[in-house]
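Trainee: Next comes the sequence, and after it the predicted model I'd like to discuss.
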Amino acid sequence: FSAVGFTVTEDVLYGLNIAYLNLGENQVISTTVIYAARAIVFGPVSHIVFSSLVGAGIGVLAVGRRRGKIPTGIALIVLGAGLHGLWNSPLLDAIWTRVVYLLVVPFVAWAVLRYVRSEEHRWFQQVLGRPGALGALPATYLTTVGATWWKRRAYRSSVVKTFGTGALAPQRVLEAELTDLADAVDVGDEAAADALRASLEGRLGSVATR
């Protein structure tokens, strides 16, 4: 969201610049062309990707005690900054190089997202799979949180199909609280972990009595 705000602000500046360079002629057309090129064509693969990669790296460094988090976090930050440097470098002066960049960067972002999601899910299963981590909660709870967005969506769809649309919101809350529980267990915050277990156990008990 920071990157979106920055992009909008920067595009206003570029619009003013192109109008100035054209000596005030064709202001609407020139500004529209700039916005179409920067915001629509290249916007999704520039500042949004740069900031997302850096933010992901900071998140990896800040959360949990998983193995390899330091090199992974640093690599994501360097990748985000490196792509930004490439975006501004003379290597992309030609139109065809911009087109290649436009085609390659989405695959880079997809690969990083897939890696981060798979690592997060592996960490989630590993932490909550420790003896006593779930407390009285059934181990089947772990299968409710899918490894990918598509798997989570498929599971949510099956929940809605079985229990109705009213079950979607509780399912989302369950996924969030289980992730928070894994976080609390991993950093050793027993008070937060106990509170989350009590919340989940209470909800499970209320469902069982219905």
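Mentor: Nice, thanks for sending it over.
Trainee: hmm, who's touching the helix or strand of the chain with the lowest mean pLDDT?
Mentor: Scoring the helices and strands of the chain by mean pLDDT, DSSP states H and E places helix 27-35 at the bottom, with a mean of 74. Residues from elsewhere that reach helix 27-35 (CB atoms under 8 Å, 6 or more residues apart in numbering): 11, 14, 15, 18, 19, 22. Backbone N, C-alpha and C define where each C-beta goes, glycine included.
Trainee: Might one say that residue 2 is in contact with residue 54?
Mentor: No: assessed by CB atoms under 8 Å, residue 2 is found out of contact with residue 54, at 10.0 Å.
Trainee: Name the residue in these two with the higher neighbour count.
Mentor: Higher neighbour count among residue 2 and residue 54: residue 54, with 20 against 11, using other CB atoms under 10 Å.
Trainee: Could you grab the helix/strand/coil label for that one?
Mentor: helix (DSSP: H, G, I helix; E, B strand; the rest coil).
Trainee: close enough to count as contact, it and residue 78?
Mentor: No: using CB under 8 Å as the test, residue 54 is too far from residue 78 to be in contact (9.1 Å).
Trainee: Please name every helix or strand in contact with the lengthiest helix in the chain.
Mentor: What stands out as the longest helix in the chain, according to DSSP state H, is helix 95-128. Helices and strands touching helix 95-128, by 3 or more CB pairs under 8 Å, 6 or more residues apart in numbering; DSSP states H and E, are helix 47-62, helix 69-88, helix 168-187.
Trainee: For the helix or strand just after it, C-alpha coordinates in CSV please.
Mentor: Using DSSP states H and E, the helix or strand that follows helix 95-128 towards the C-terminus is helix 149-163. Extracted C-alpha coordinates of helix 149-163, given in CSV (Å, rounded to 0.1, in the frame of the first residue of the first chain):
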residue,chain,number,x,y,z
TRP,A,149,-4.1,-19.7,-1.5
TRP,A,150,-5.8,-22.1,-3.9
LYS,A,151,-5.9,-24.9,-1.3
ARG,A,152,-7.2,-22.6,1.4
ARG,A,153,-9.9,-21.4,-0.9
ALA,A,154,-10.9,-24.9,-1.9
TYR,A,155,-11.1,-25.9,1.8
ARG,A,156,-13.2,-22.8,2.6
SER,A,157,-15.5,-23.7,-0.3
SER,A,158,-16.0,-27.2,1.1
VAL,A,159,-16.8,-25.7,4.5
VAL,A,160,-19.4,-23.4,3.0
LYS,A,161,-20.9,-26.3,1.0
THR,A,162,-21.2,-28.4,4.1
PHE,A,163,-22.2,-25.9,6.8
